[in-house]
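Visitor: Okay, structure incoming, though there's no sequence with it:
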Ligand SMILES: [Zn+2]
């Protein structure tokens with residue numbers, strides 16, 4: 001551990017502190033093997049959503065070894081978020097680094113060990129390697145750099161690794177209940193060439209179609225809920241979706257249909273349920289979505305009653321201004337570190353950033369090391385990007401909190 005005390009250089013706002021960048025860059029490069037080792041360990045610990053306990057314990061251990069303040073926040077039995085901060089508390093602003101520990105379940109078709117952490121041609125392979133254990137490794141390395149170089153920003157650096165991002169976002173929602181004030185945040189999802197400044201929203205819509213039972217030989221005496229559910233589904237293309245200039249158009253996907261009887265029965269089915277995932281853009285509120293379905297159902301003339309419910313997971317859409325301080329700082333530092341302009345883009349689905357921005361009121365940039373094959377066989381992260389991102393994260397903390 002290096003213990004030299006580095007004084008913050010005074011530079012006018014908007015200018016990347018080149019001397020500091022050089023120092024940070026050298027320190028991260030010096031720790032290359034350590035950072036890769038942490039990432040490999042993260043990949044070697046399976047953490048499919050719902051089973052994040054072991055990886056949480058490992059992250060706690062590494063953070064304790066670095067010497068930052070670490071605490072555990074229970075979310076559910078055997079599921080907890082790990083929260084860390086640099087030891088010296090400050091009254092200044094707080095920058096939050098956020099990442100998720102869980103991965104999607106293992107899919108078929110891997111030709112490389114998904115829990116091996118093997119590196120081939122600069123690509124580190126594994127389930128969750130880029131979504132988002134690479135981002136977590138870059139954030140952990142950032143805490144190490146700030147701590148070891150005794151860089152004490154005039155503000156707070158907070159880190160949270162959460163559970164359940166790939167399902168209901170219970171981890172980030174629990175964290176936001178904690179009433180922690182953060183002025184800005186970085187979410188380390190795998191977007192290296194572009195930062196995402198917005199996401200669509202998402203809600204689950206359940207249509208419960210209620211008909212009336214009758215003997216199956218006289219269906220005209222009943223109301224067949226399955227027939228009516230089918231009519232609803234075939235009419236869904238008549239729905240209109242709003243279009244947003246940055247986020248594009250809202251959409252829907254029928255996920256499930258259920259109805260009829262478990263055991264054979266010659267009875268007109270009295271109930272059918274349709275589950276629809278609805279991606280939304282600003283303006284497409286719960287009320288509007290429910291109303292649109294109501295109007296459509298009125299139009300198609302069915303005899304069943306239809307109950308419309310909005311169920312979790314629920315995410316509101318958002319768009320962050322390009323003028324936010326954290327956006328400008330990220331663009332500036334990225335250019336200095338990589339020599340390229342960072343692009344701006346918007347997500348087609350949702351992430352924990354929806355909750356950070358909408359529920360937490362925290363301006364959040366989505367930026368982290370990327371690779372390929374997320375949610376697919378042979379997922380990988382580019383090792384060099386993990387280091388580059390950690391340099392950028394560290395400089396963000398230094399610049400935003402000076
Ligand atoms: Zn992710």
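Guide: All right, it came through fine. It should be emphasised that the depicted structure is a prediction, and the values quoted were computed from it without experimental measurement. Numbering: from 1, shown residues only.
Visitor: Give me the neighbour count for whichever residue of the chain sits closest to the ion.
Guide: Nearest to the ion in the chain, going by CB to the ion, is residue 131, at a distance of 4.1 Å. For the C-beta atoms, the positions are set from N, CA and C on the backbone; glycine is no exception. By the measure other CB atoms under 10 Å, the count of residues near residue 131 is 25.
Visitor: Residue 326 too?
Guide: Residue 326 has 22 nearby residues by other CB under 10 Å.
Visitor: residues in contact with the helix or strand containing residue 176?
Guide: According to DSSP states H and E, residue 176 maps onto helix 170-177. Residues outside helix 170-177 that contact it (CB atoms under 8 Å, 6 or more residues apart in numbering) are 73, 75-76, 79, 81, 83, 98, 100-102, 160, 162-165, 352, 355-356, 359-360.
Visitor: follow-up on the earlier one: is the residue of the chain closest to the ion in contact with residue 190, as I believe?
Guide: Yes: between residue 131 and residue 190 there is a contact at 5.6 Å, judged by CB atoms under 8 Å.
Visitor: where exactly do the helices run in the stretch 251-400 of the chain?
Guide: 286-300, 325-338, 352-354, 383-400 (DSSP state H, counting those that start in this stretch).
Visitor: As CSV, these with mean pLDDT and distance to residue 149 would be great.
Guide: Below are the helices of the stretch 251-400 of the chain laid out as CSV (pLDDT from 0 to 100; distance: least, CB to CB, whole Å):
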stretch, mean pLDDT, distance to residue 149
helix 286-300, 96, 48
helix 325-338, 97, 17
helix 352-354, 97, 29
helix 383-400, 97, 9
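Visitor: ok, back up a step: does the residue of the chain closest to the ion belong to a helix, a strand or coil?
Guide: Of the three states, residue 131 takes helix under DSSP: H, G, I helix; E, B strand; the rest coil.
Visitor: Then residue 158?
Guide: Classification of residue 158 by three-state DSSP places it in strand.
Visitor: Quick check: it touching residue 89?
Guide: No: with contact defined as CB under 8 Å, residue 158 does not count as touching residue 89 (10.8 Å).
Visitor: In terms of neighbours, single out the busier of those two.
Guide: Legend: neighbour count by other CB under 10 Å for residue 158 and residue 89, higher for residue 158 (20 against 9).
Visitor: For the residue positioned nearest the centre of the chain, give its distance to residue 24.
Guide: Computing the C-alpha centroid of the chain and ranking residues by CA atoms, centre = their mean puts residue 351 first, at 3.2 Å. Between residue 351 and residue 24 the computed distance is 27 Å (CB to CB, to the nearest Å).
Visitor: What of residue 234?
Guide: Relative to residue 24, and taking CB to CB, residue 234 is found at 58 Å.
Visitor: quick one: which of the two has more around it?
Guide: residue 24 (26 against 10).
Visitor: Test my guess that the more buried one contacts residue 395.
Guide: Yes: Residue 24 lies in contact with residue 395 (CB under 8 Å); the separation is 6.2 Å.
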